[in-house]
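Participant: Got a sequence here, can you build the structure:
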Amino acid sequence: METILQGIAAADGYAKSELVVFQPQDTVELGNVPFRNVETELAALKTGTKRYVEHLQRLIDSAKENNDETTVDILDAYTEILADEEIENEIIASIKNESVAAIVAVDRIFRATELEMQQLDNDYARQRSEDIKHIGQMLIRAIVGYELNITTEFPSNGFILCGRELTPADTAQIPKDRLLGIITETGGKTSHVALLAQNLGIPAVVGLQNLLDNINISTSKQHVLLDGCEGTVILQPTLNSIETFLAKQTLYKENIRQLETLRDLPAETENGKAIQLLANIGCLDDIAPALKWGAEGVGLFRTEFLFTQSVSMPDEETQFAYYRRLVEEMRGKPVTIRTLDIGGDKPLAYLPLPKEQNPFLGWRACRMYSAFPDLILTQLRAIFRASMFGNVRIMVPMISSVEEVDEMLMMVTEAKSQLSKRAIEYADSVPLGIMVETPAAVMMIEELLKPIDFCSIGTNDLTQYTLAVDRGNEKVASLYDSFHPAVLRLIAQVVRAAAQLGKSVSLCGELGGESLAVPFLLGIGLTQFSMSPVRIPILKQRIRNWNCQHSESFTAECLALSTASEVKQFLLQR
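Facilitator: Modelled structure (predicted):
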């Protein structure tokens, strides 16, 4: 009987193939494990750790051969966790003070760390807790001497992989040339599986609760339909479902082929107005898709990934190497690096922050900089040094007052001074900008822009704060709409103010990737859009088919509308 399952669309695309159910390795039974003596247990811990690190290094080498930088970065983080002295000392102390076996001590310490991350009010941190859990389990296997390689068999033809969860170490051992799609019970849009699928250009659906309960593992050569665009999976599909699916797949492939032909064409309107299309990226692996889809630069580089993937605060040299690689790989194209945006929904496990009742209205982003000056000055020094190797701009998140701009300018001056005292070369004329994310920033936009070089409108937060809607709260999610007239009027105010002051302005929120919004945004004078790389050709197609000659009257009519529904209907007719 046909079964249709709905999950989270994590990577676009369609796949129809044989289903392979990933079988996780058996966990080691820890009940009544005898304690031998301290020396023996410490020796077992050392040997097991060495064995696991060597296993990870083989996986890293394999991932490098396949140009799978996402997996390389995460597995490097695994090795850093295994080398973390604090974790190691806690395990050793547990062995010595509690007289427990090495595997019991490992289990206790890693479980405690996993629990701490699960309790953080942040989806990304909770997903990373799965990595901590996996590392602990694999270290225990290594100590005991169990097999570390996965034992799942893969068909010689293409296949769709499914399982409760898939760790980076698991996916590093999967034949990528035959992998056509991924389905998992756990995970979200920022999970490793989602990033892997996006980089491989294959569809993925995650968050399919009770997925394995609907699959008959004993049945051989089950075929499944995977729709990564809508987040649906069809088990035992009927002929009618297969026909409908294949029609969607054909249309999707044709659309992709058409969009690919636009990659090297300019983004300009029918009447010759040039528009700059930039990419929003969060890690170095996103550079290749950005260039593939024709990005003219990076409009928003989120630096949080580097910090969240580390077990301790990245030092200046680590950050410098990271940012240098970014700007060099962008081959002279402009790169806007956003300073660290933590707090709110993005805490760091190694930087204890107070639990807040409403973190989105609390201590986050630039509001925290004065409390952690060394952290921000280190990042600024690394960015200034990397700017010697490319076209770099610095952008500060969550600015809402003149005082915050003044504080940032002083930090920039101090970072340069520190580099000069150390006789380290840096680019002195790096443009400084702000993100406009609050109604307060819009109301003060003239004063905020005067001492700096540019701004970028973050429509995700601007919408959230303008409409007083927590975009992660499903009970009010229907109220969150960036096409709300109040949001559009604020955007128009920023663009016009920037033009009057001769300052550049871009838009880097999700609205920037909405083709429906293009006529309005062009009409108010926006010439820089920044978005997810895959959205670039879609917007380019819309821009090239639009004529801006009558934009002024068009936008005036749009801004006079009273509801988001009226705005969308108005734009759909254009």
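
Participant: Going by C-alpha atoms from here, please, whenever you check contacts or count neighbours.
Facilitator: Fine.

Participant: Show me what secondary structure element comes after the strand ranked longest in the chain.
Facilitator: Ranked by residue count under DSSP state E, the longest strand found in the chain is strand 14-21. Once the chain leaves strand 14-21, the next helix or strand it forms, by DSSP states H and E, is helix 38-65.

Participant: mean confidence score for that next one?
Facilitator: Along helix 38-65, the predicted local confidence has a mean pLDDT of 90.

Participant: try stretch 546-561
Facilitator: 86.

Participant: In that stretch, which of the residues would be classed as buried?
Facilitator: The neighbour-count check on stretch 546-561 (16 or more other CA atoms under 10 Å) flags 546-548, 551, 554-555, 558-559 as buried.

Participant: Would you format those as TSV with distance to residue 481 and secondary structure included?
Facilitator: Formatted as TSV, the entries for those read as follows, by distance: CA to CA, whole Å; DSSP: H, G, I helix; E, B strand; the rest coil:
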residue	distance to residue 481	secondary structure
546	24	coil
547	26	coil
548	25	coil
551	23	helix
554	21	helix
555	18	helix
558	16	helix
559	15	helix
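
Participant: Same list, those residues, but as TSV with distance to residue 144 please.
Facilitator: Written out in TSV, the entries for the buried residues of stretch 546-561 read as follows (distance: CA to CA, whole Å):
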residue	distance to residue 144
546	65
547	69
548	69
551	70
554	71
555	68
558	68
559	67
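
Participant: Kindly indicate which of those lies nearest residue 111.
Facilitator: residue 559 (53.8 Å; CA to CA).

Participant: where's the closest one relative to residue 551, distance?
Facilitator: Distance, residue 559 to residue 551, by CA to CA, to the nearest Å: 12 Å.

Participant: Equivalent analysis for residue 327, please.
Facilitator: Between residue 327 and residue 551 the computed distance is 36 Å (CA to CA).

Participant: Which segments of the chain make up each domain?
Facilitator: Domains of the chain are assigned by automatic domain parsing as 3-24+150-258, 38-144, 271-572.

Participant: Mean confidence (pLDDT) on the first one, please.
Facilitator: By that I understand domain 3-24+150-258. Per-region confidence: domain 3-24+150-258 scores 85 on mean pLDDT.

Participant: Next, the distance between the ends of it.
Facilitator: Distances were taken as CA to CA; on that basis the terminal residues of domain 3-24+150-258 are 33 Å apart.

Participant: chain center to that domain, what's the gap?
Facilitator: For domain 3-24+150-258, the gap between its own C-alpha mean and the chain's C-alpha mean amounts to 20 Å (CA atoms, centre = their mean, to the nearest Å).

Participant: Dump the domains of the chain to a markdown table, plus distance to residue 264.
Facilitator: Listed next are these as a markdown table, based on distance: least, CA to CA, whole Å:
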| stretch | distance to residue 264 |
| --- | --- |
| domain 3-24+150-258 | 12 |
| domain 38-144 | 24 |
| domain 271-572 | 6 |
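
Participant: out of those, which comes closest to residue 31?
Facilitator: In terms of CA to CA, the element of these nearest to residue 31 is domain 38-144, at 9.0 Å.

Participant: got the end-to-end distance for that closest one?
Facilitator: The distance separating the two terminal residues of domain 38-144, taken as CA to CA, comes to 16 Å.

Participant: Now tell me what touches the helix or strand harbouring residue 10 from outside.
Facilitator: Element membership of residue 10 [criterion: DSSP H and E] is strand 8-11. Applying CA atoms under 8 Å, 6 or more residues apart in numbering, the contact partners of strand 8-11 are 188-189, 194, 197-198, 201-208, 227-232.

Participant: what packs against the longest strand of the chain?
Facilitator: Under the contact criterion of 3 or more CA pairs under 8 Å, 6 or more residues apart in numbering; DSSP states H and E, strand 14-21 touches strand 159-163, strand 179-184, strand 223-227.

Participant: of all these, which gets the most neighbours per residue?
Facilitator: Of these, the one with the most neighbours on average (mean count of other CA atoms under 10 Å) is strand 179-184, at a mean of 27.

Participant: Which is the succeeding secondary structure element to it?
Facilitator: For strand 179-184, the succeeding helix or strand toward the C-terminus, using DSSP H and E, is helix 192-200.

Participant: now for that next one, which elements pack on it?
Facilitator: Taking 3+ CA pairs under 8 Å, 6+ apart as contact, the helices and strands that helix 192-200 lies on are strand 8-11, helix 69-82, strand 179-184, strand 204-206.

Participant: and it with strand 179-184, angle?
Facilitator: For the pair helix 192-200 and strand 179-184, the angle between their directions (axes from the mean of the first three to the mean of the last three CA atoms, to 10 degrees) equals 160 degrees.

Participant: on that earlier part again, go through the strand holding residue 10 and flag the buried ones.
Facilitator: Along strand 8-11, these residues count as buried under the neighbour rule (16+ other CA under 10 Å): 8-11.

Participant: In terms of helices and strands, where is the residue nearest to residue 259 when sequence neighbours are not counted?
Facilitator: Leaving aside its sequence neighbours, residue 259 sits nearest to residue 537 (CA to CA, 6 or more residues apart in numbering; 5.5 Å). With elements delineated by DSSP H and E, residue 537 resides in helix 536-544, which encompasses its position.
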